[in-house]
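Colleague: Mind folding the following:
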Amino acid sequence: MTEKREKTESSGSRILKGAVIIGAASLLVKVIGAFFRIPITNWLGAEGGSYYSVAYSIYGALLVLSTAGIPIAISRLVSENIAMKRYRNAHKVFSISQGLMMSIGVVTALVCLLGGGAITGFIGNPNARLAVMATCPALLCVPIVSSFRGYFQGRQNMKPTAISEIVEQLFRVAVGLFLCRFLLSQGTPKAAAGAAFGASAGSLFALAFMMLVYFLSRSSIHKRMELGDQSVEKGSEILKKIILIAIPIIIGAELLPIMNLLDSAIIMRRLQAMGMSEGASNAMYGLISLYCNPIIALPMMFTQAVEISMVPAISGNYALGDHETVRKDTGLSYRLAMIMAGPCAFGILALAEPVLLMFYRSHPDEAHAAAPTLMILSAGVVLLAMSQTSTGLLQAIGRQNLPVRHLAIGVAVKVVVTFILVGIPGVDIKGAACGTLIAEAISFFLNDLYVKKFTGVKIDPVKTFVKPLICSAVMGGFAFGTHYLLSKAVGNTISTMAAVLVGIVVYGVLIVLTKTVTPVELAMVPAGRKINRIISKFVKWE
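Modeller: The predicted model follows:
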């Protein structure tokens, strides 16, 4: 019993530490990205920004082939082999995946290069063609980077992934901003292409970093390969396993960018059918794609961190048949996702318009127009977080087909809802936001049914959902009140930043007072024991 408890704590500690490392890196990446998105939006405006957004949607749809399913498959197979002390076979999984990733990179880059014009023409935004073509080098490099990341994640070493993401973002922002500004005098289509090329520059430097990390780790990797079971599977068998795991995940991940592409087509065509010009419909789509979606994407970095960290930990224990640890880690993963997503959702709801006005001060009318849509989408933060977490849980236990089916059902319903609501005068893009909420809700609730069925986990609703949501709602009220009281005296930017800081402090105090986070859990994260000692000076913390 003691051995199992220690193992459970060790597994939970790995999930928490991994989530903190990836989450912190993702936060830094988003902060750096803000220095990209904000000037890009101010320079290009809604119409010019739509060229960049459409190009990035196409780039994202193609990139999913190499960044969604295969790294997860690598991570899971490497973790399972390491759990069974098959270190040599774990490394062979990585070697086989490299060739597969290179092939995918070549194919997707060619599709983007040769078919970009046809795709943007079909969407109804042909001026985005140059921006699409500028992402081709990234489509070659990112798959290889992803294979390195999946390998190190499977070894439950999250630092290479975290640092490489920061390196990639730094160079993406620096190069993208320079080229966008330099090409702005030649028109927004070329400026958008310059911004999009930043992704290619960033991926090149990320690849160089990951190759360096692997080279420095090669000695210890090969020493470990001499231990344990020396048998290896045939390359064809490993490739088959990777593909069988990856394909359902890729299909499921492809549904999200496809959903965004459908959104752009439905929104613009429906609005144009109502009498809007192409420029006006592009600007309207830009409100949701350029103003709302980047803000909604910010909280997802935390729940993605949980997913990345939990998959190798849970899959390794599941392969060993340690179902008690799997159940405990499943409950912990759900609760972590809620603790992270709840305050983000209520914070966005409370400060939707102030945040938009702070980020996009050069376009106050557009920021004001986007605020109602952002408020609707804020509810989706929790739904999407839980959908992502439940998807990762099913992938970790080998049930990767189920989330695809559930998301497909949600997307099908969303298409119908969006088509109907966007065509209603006065509803317009808010209808697309409502459709998104419905898709995320369907995906989560169906996933959750099967997570409980296959793991046997029993979720404590008060500890997992009620406490985090109450703390988040109170925090949102404090944030709203802070901004309201200060805005007239010190202006929107300072009052919004003050409101965010107050919200963070209030939420931190509340989750301690309500014991939403326990001392044992906090002690598992970096510097957690020091934080525990500080808290113990003010409250009874046992």
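
Colleague: what mean pLDDT would you report for the helix ranked longest in the chain?
Modeller: Longest helix of the chain, by residue count under DSSP state H: helix 2-67. Within the predicted structure, the mean pLDDT of helix 2-67 is 73.

Colleague: cool, stretch 107-127 as well?
Modeller: 82.

Colleague: hmm, who's touching that stretch?
Modeller: Outside stretch 107-127, the residues that touch it by C-beta atoms under 8 Å, 6 or more residues apart in numbering are 50-51, 54-55, 58-59, 62-63, 65-66, 128-129, 132-133, 135-137, 139-140, 143, 188-189, 192, 261, 264-265, 268-269, 272, 278, 282. Placement of C-beta: from N, CA and C, glycine included.

Colleague: Tell me the buried residues within those.
Modeller: 50-51, 54-55, 58-59, 62-63, 65-66, 128-129, 132-133, 135-137, 139-140, 143, 188-189, 192, 261, 264-265, 268-269, 272, 282 (16 or more other C-beta atoms under 10 Å).

Colleague: what's the following helix or strand after the longest helix of the chain?
Modeller: helix 69-83 (DSSP states H and E).

Colleague: Which other helices and strands does that next one contact?
Modeller: helix 87-123, helix 136-154, helix 235-273, helix 293-319, helix 364-396 (3 or more C-beta pairs under 8 Å, 6 or more residues apart in numbering; DSSP states H and E).

Colleague: now those helices in a markdown table, with distance to G431?
Modeller: What follows is the helices and strands packed on helix 69-83, written out as a markdown table (distance: least, C-beta to C-beta, whole Å):
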| stretch | distance to G431 |
| --- | --- |
| helix 87-123 | 19 |
| helix 136-154 | 32 |
| helix 235-273 | 9 |
| helix 293-319 | 15 |
| helix 364-396 | 10 |
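
Colleague: of all those helices, which lies closest to I531?
Modeller: helix 293-319 (17.8 Å; C-beta to C-beta).

Colleague: wait, doesn't R14 sit right on I308?
Modeller: No - counting by C-beta atoms under 8 Å, R14 stays clear of I308, with 11.8 Å between them.

Colleague: Show me which of these two is the more surrounded one.
Modeller: I308 (26 against 19; other C-beta atoms under 10 Å).

Colleague: what about the more buried one, distance to L402?
Modeller: 20 Å (C-beta to C-beta, to the nearest Å).

Colleague: Likewise for A196?
Modeller: Taken as C-beta to C-beta, the span from A196 to L402 is 35 Å.

Colleague: F454 is in contact with R399, correct?
Modeller: Yes - using C-beta under 8 Å, R399 is in contact with F454, at 6.1 Å.

Colleague: so how many other residues sit close to S236?
Modeller: 9.

Colleague: Same check on V106?
Modeller: The burial count for V106: 13, using other C-beta under 10 Å.

Colleague: same thing with P461?
Modeller: 9.

Colleague: Quick one: low-confidence residue ranges for this protein.
Modeller: 1-12, 254, 257, 523-528, 539-542 (pLDDT under 70).

Colleague: Just the element for the residue lying closest to M375 once chain neighbours are set aside, please.
Modeller: Distance criterion C-beta to C-beta, 6 or more residues apart in numbering; nearest residue to M375, sequence neighbours excluded, is A352 at 4.6 Å. Element membership for A352 (DSSP H and E) is helix 323-359.

Colleague: Sort out which residues of that helix are buried, please.
Modeller: 325-359.

Colleague: and if you look at stretch 460-475?
Modeller: Buried, per 16+ other C-beta under 10 Å, within stretch 460-475: K463, T464, F465, K467, P468, L469, C471, S472, A473, V474, M475.

Colleague: Spit out the contact partners of the second one.
Modeller: Residues in contact with T464, defined by C-beta under 8 Å, 6+ apart, are G331, Y334, R335, M338.

Colleague: One more: K85?
Modeller: Counting by C-beta under 8 Å, 6+ apart, K85 has contacts L227, G228, D229.

Colleague: same thing but 10 Å
Modeller: R224, L227, G228, D229 (C-beta atoms under 10 Å, 6 or more residues apart in numbering).

Colleague: and if you look at I314?
Modeller: 11, 15, 76, 79, 322, 325-327, 329-330, 332-333, 392-393, 395-397, 455.

Colleague: ok, 6 Å please
Modeller: Counting by C-beta atoms under 6 Å, 6 or more residues apart in numbering, I314 touches V326, D329, A396.

Colleague: ok, for the last one, nearest residue in space, not its chain neighbours?
Modeller: Meaning A396. In space, A396 is closest to I314, 4.0 Å off (C-beta to C-beta, 6+ apart).

Colleague: what about that neighbour, distance to A305?
Modeller: When I314 is compared with A305 (using C-beta to C-beta), they lie 15 Å apart.

Colleague: Then L522?
Modeller: Taken as C-beta to C-beta, the span from L522 to A305 is 17 Å.

Colleague: Likewise for I442?
Modeller: Taking C-beta to C-beta, one finds I442 at 24 Å from A305.

Colleague: Between the two, point out the one with more neighbours.
Modeller: A305 (27 against 21).

Colleague: list the contacts for that one?
Modeller: By C-beta under 6 Å, 6+ apart, the contact list for A305 reads A19, I22, G23, S26.

Colleague: could you redo the residues you listed as a markdown table and give each row neighbour count?
Modeller: Listed next are the contacts of A305 as a markdown table, based on neighbours: other C-beta atoms under 10 Å:
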| residue | neighbour count |
| --- | --- |
| A19 | 26 |
| I22 | 24 |
| G23 | 22 |
| S26 | 24 |
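
Colleague: Just the CA atoms of stretch 46-59, as PDB, please.
Modeller: C-alpha atoms of stretch 46-59 as PDB (Å, rounded to 0.1, in the frame of the first residue of the first chain):
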ATOM      1  CA  ALA A  46      -9.100  44.200 -39.500                       C
ATOM      2  CA  GLU A  47      -9.100  43.800 -43.300                       C
ATOM      3  CA  GLY A  48      -5.400  43.400 -43.700                       C
ATOM      4  CA  GLY A  49      -5.200  41.300 -40.600                       C
ATOM      5  CA  SER A  50      -7.700  38.900 -42.100                       C
ATOM      6  CA  TYR A  51      -5.100  38.000 -44.800                       C
ATOM      7  CA  TYR A  52      -2.700  37.000 -42.000                       C
ATOM      8  CA  SER A  53      -5.500  35.200 -40.100                       C
ATOM      9  CA  VAL A  54      -6.600  33.200 -43.100                       C
ATOM     10  CA  ALA A  55      -3.100  32.200 -43.900                       C
ATOM     11  CA  TYR A  56      -2.400  31.100 -40.400                       C
ATOM     12  CA  SER A  57      -5.600  29.100 -40.400                       C
ATOM     13  CA  ILE A  58      -4.500  27.200 -43.500                       C
ATOM     14  CA  TYR A  59      -1.000  26.800 -42.100                       C
END
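
Colleague: Quick check: buried residues in stretch 360-376?
Modeller: Y360, H363, E366, A367, A369, A370, A371, P372, T373, L374, M375, I376.

Colleague: Hmm, I typed the wrong one, I wanted stretch 490-497.
Modeller: Under 16+ other C-beta under 10 Å, the buried positions of stretch 490-497 are N492, S495, T496, M497.

Colleague: between the residues you listed, which is nearest A297?
Modeller: Nearest to A297, judged by C-beta to C-beta, of the buried residues of stretch 490-497 is T496 at 18.8 Å.
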